[in-house]
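Q: 3D model of this:
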Amino acid sequence: MNKPEELRSFGWFGGERTSGLRAFGHRSRMRQLGIEAEEHLGKPLILILNTWSELNPCHMHLRQRAEQVKRGVLEAGGFPFEMPVATLSETFQKPTPMMYRNLLAMETEELLRSYPADGAVLMGGCDKTTPALLMGAASANIPAIYLTAGPMLRGNFRGQAVGSGTDVWKFWDDARAGLVGDCELADLECGIARSPGHCMTMGTASTMTSAAEALGMTLTGMASIPAVDSAHYRMAAATGRRIVAMAWEDLTPDHILTREAFEDAAATVLALGGSTNAFIHLIAMAGRAGVDLTLDDFDAISRRVPWLANVRPSGKYLMEDFYYAGGLPALLGQLAKVPGALHLDRITVNDGPFGEEINEAPVYNDDVIRSPDTALAAEGGVAVLRGNLAPDGAVIKHIAAEGRLLKHTGPAVVFDDYHDLTERINDPALNITPDSVLVLRNAGPKGGPGMPEYGMLPIPDYLLAQGVRDMVRISDARMSGTSYGACVLHVAPESFVGGPLALVQAGDLITLDVAARELTLNVSERTMAQRREQWQAPAPKFERGYGALFSEHITQANEGCDFDFLARRGRNPEPDPK
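A: Numbering: from 1, shown residues only. Model (predicted):
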């Protein structure tokens, strides 16, 4: 246990008024803030990093939650300070908030390092905020705990439950096929997202907050609570109380974010039928914690972990149903029955081992949360593909695809970028058929830029009108975690840097074989070599600013898309407090 003089904040404020000029200056400024000495001296100082914004509906309630966190901190004898950090709004930020994940991670790390923080409560939930905040906290390595924003309430459309993202894509395809009109879309627009909170499907937001809980960085049960449920208020206060204890215990992320923790997080994502984006984020998060997590690890875990969560987009229900069925603790309790699936003795932010809170967690609806004996599938829902088209790997969420496409060979229809795709996808001259393989390139980390969620390539209107709802689609882009379909994503290396995707030509036959984990361009190596010699690198997307920094230092999808200078091990010393 730390003593008061062992807290980081002691280096700023000292123990007495004659501690030094800089300590005197810091203390005087606390008085300027209206804070008396007895309110904060000798107590853990807790930073609350809040990603609230008026332009982020996922986080619109986090100012209120911050007050409950503060209450918990004060109850436990700490002193809280709320600080704003960048908000990454999946719904509004372009070209993609993925481009700014590392910016928030860097801001988080440097704020925690440069201020007198003894502990931190990280507040987020929208897709990129979870990995960004945890990456920064792992690098700063002071006691930290995550408070997730929680999913919004289920949507409603004319008496039926609808899920954000997932049902938008379905209705939009119906609209393009001429099956629904403006009135239906207007009703859907008003009913599909009707409360604070992130997406209530098992999209990237719910996947990553669940991964954070499985890692052991949240209190047990945190990730599943709907944003507006009173249990969320209570969990916020409990989080505030717990971080004070963690500061005294000096329970830092390096004790929690172990190899075993990341294996358990990967297993959780796969058992949930979660977002493919989690692969990129967990690899980046693991790298910050000094853990070498690879695509091969995900594929190996996928083969031994069953799919247990019957939640959209791959399943039937929504996150509110998942919570009422027992939430993530209940799912983890079922997953723990699979031999070797989880490491139950490891340390978490909870006051006890990981397995303590999940072993007896009850399931209240066994159609929503399945047991290993009634699993939706014997293996996890995402497969890692390799082959001459993706030598460094690609991923497919095969449980969200039509079964007929999981082993498929078809001719390529190639689009050079997203603008080319939107302009030509409905051109009859392309002769796109249900057997065609749609290929989008220059949509990766550097080419996108930022690897936008373009991977669910649209099916031509005339095929939608014929009832076609899925085709094989391949890109170096990402896909929204709320999406579905036979979409091969994250092809690495990306086409913008000369990956094989850059060499595909219209009419080339491409074979996808999920069972064999293969993605093959059926072209001879000699032809590939000739095309490679003729390929010319495109001009950089940016010449200045953050975009130039991003382009110069971003790593590929299989490496987590972190900045190379943030991902590497090395010295980044504490500031001199005196």
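Q: Leu438: what secondary structure?
A: Counting by DSSP: H, G, I helix; E, B strand; the rest coil, the backbone at Leu438 sits in strand.
Q: I figured it was touching Val468, is that so?
A: No - Leu438 is beyond contact range of Val468, at 11.9 Å (criterion: CB atoms under 8 Å). Yep, even glycine has a C-beta here, placed from its N, CA and C like the rest.
Q: mind listing the strands for the protein?
A: 45-50, 79-84, 119-124, 144-148, 155-157, 160-162, 383-387, 390-396, 407-415, 437-440, 472-475, 487-489, 509-513, 518-521 (DSSP state E).
Q: for those, could you give me JSON lines that also reports distance to Met135 and mean pLDDT?
A: Formatted as JSON lines, the strands of the chain follow (distance: least, CB to CB, whole Å; pLDDT from 0 to 100):
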{"stretch": "strand 45-50", "distance to Met135": "13", "mean pLDDT": "98"}
{"stretch": "strand 79-84", "distance to Met135": "17", "mean pLDDT": "98"}
{"stretch": "strand 119-124", "distance to Met135": "11", "mean pLDDT": "98"}
{"stretch": "strand 144-148", "distance to Met135": "11", "mean pLDDT": "98"}
{"stretch": "strand 155-157", "distance to Met135": "31", "mean pLDDT": "91"}
{"stretch": "strand 160-162", "distance to Met135": "33", "mean pLDDT": "91"}
{"stretch": "strand 383-387", "distance to Met135": "22", "mean pLDDT": "97"}
{"stretch": "strand 390-396", "distance to Met135": "20", "mean pLDDT": "98"}
{"stretch": "strand 407-415", "distance to Met135": "32", "mean pLDDT": "98"}
{"stretch": "strand 437-440", "distance to Met135": "28", "mean pLDDT": "98"}
{"stretch": "strand 472-475", "distance to Met135": "25", "mean pLDDT": "98"}
{"stretch": "strand 487-489", "distance to Met135": "21", "mean pLDDT": "98"}
{"stretch": "strand 509-513", "distance to Met135": "32", "mean pLDDT": "98"}
{"stretch": "strand 518-521", "distance to Met135": "29", "mean pLDDT": "98"}
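Q: who wins for proximity to Ala223 among the ones you listed?
A: Closest of the strands of the chain to Ala223 is strand 144-148, at 5.1 Å (criterion: CB to CB).
Q: starting at the chain centroid, how far to stretch 92-107?
A: Computed by CA atoms, centre = their mean, to the nearest Å, the chain-centroid distance of stretch 92-107 equals 12 Å.
Q: returning to what we had before: show me which of Leu438 and Val468 is the more surrounded one.
A: Leu438 (23 against 17; other CB atoms under 10 Å).
Q: OK, contacts around Val384?
A: Going by CB atoms under 8 Å, 6 or more residues apart in numbering, Val384 touches 295-296, 298-299, 302, 393-395, 517.
Q: ok, now Met98?
A: 128, 450-452, 478, 561.
Q: from these, which is closest to Arg532?
A: Distances from Arg532 to these, taken as CB to CB, are shortest for Met451 (22.9 Å).
Q: can you tell me, leaving aside adjacent residues, what's nearest to that closest one?
A: Distances taken as CB to CB, 6 or more residues apart in numbering place Pro445 nearest to Met451, at 4.7 Å, with adjacent residues excluded.
Q: isn't that neighbour right up against Thr555?
A: Yes - with contact defined as CB under 8 Å, Pro445 reaches Thr555; the gap is 7.4 Å.
Q: the more surrounded of those two?
A: Each of Pro445 and Thr555 has its neighbours counted (other CB under 10 Å); Pro445 has more, 28 against 19.
Q: which phi and psi does the more buried one have?
A: In terms of degrees, to the nearest 10, the main-chain angles of Pro445 are phi -60, psi -50.
Q: ok, back up a step: from the contacts of Met98, which is closest to Pro362?
A: Checking the contacts of Met98 one by one against Pro362 (CB to CB), the nearest turns out to be Lys128, at 33.2 Å.
Q: list the contacts of that closest one.
A: Lys128 touches 88, 90, 97-98, 100-101, 104, 281, counting by CB under 8 Å, 6+ apart.
Q: kindly recompute the last result at 10 Å.
A: 51, 86-90, 93, 96-105, 204-205, 208, 277, 281 (CB atoms under 10 Å, 6 or more residues apart in numbering).
Q: and it, how close does it get to Met208?
A: Here Lys128 is placed at a distance of 8 Å from Met208 (CB to CB, to the nearest Å).
Q: which neighbours do these two have in common?
A: Counting by CB under 10 Å, 6+ apart, the common neighbours of Lys128 and Met208 are 277, 281.
Q: for the closest residue to Asp470 other than its chain neighbours, grab the count of nearby residues.
A: Nearest in space to Asp470, with sequence neighbours left out and distances taken as CB to CB, 6+ apart, is Glu402 at 4.2 Å. By other CB under 10 Å, 16 other residues sit near Glu402.
Q: I figured Glu402 hits Gly485, correct?
A: Yes - counting by CB atoms under 10 Å, Gly485 is a contact partner of Glu402 at 7.9 Å.
Q: list residues touching both of the two?
A: The contact sets of Glu402 and Gly485 overlap at 469-472 (CB under 10 Å, 6+ apart).
Q: top of those residues by neighbour count?
A: Val472 (28 neighbours).
Q: verify the contact between it and His398 for me.
A: No - Val472 lies out of contact with His398 (CB under 10 Å); the separation is 11.3 Å.
Q: what residues are up against the residue lying closest to Gly326 once chain neighbours are set aside?
A: What sits nearest to Gly326 in space, not counting adjacent residues and going by CB to CB, 6+ apart, is Val363, at 4.8 Å. Going by CB under 10 Å, 6+ apart, Val363 touches 308, 325-327, 329-331, 333-334, 369-371.
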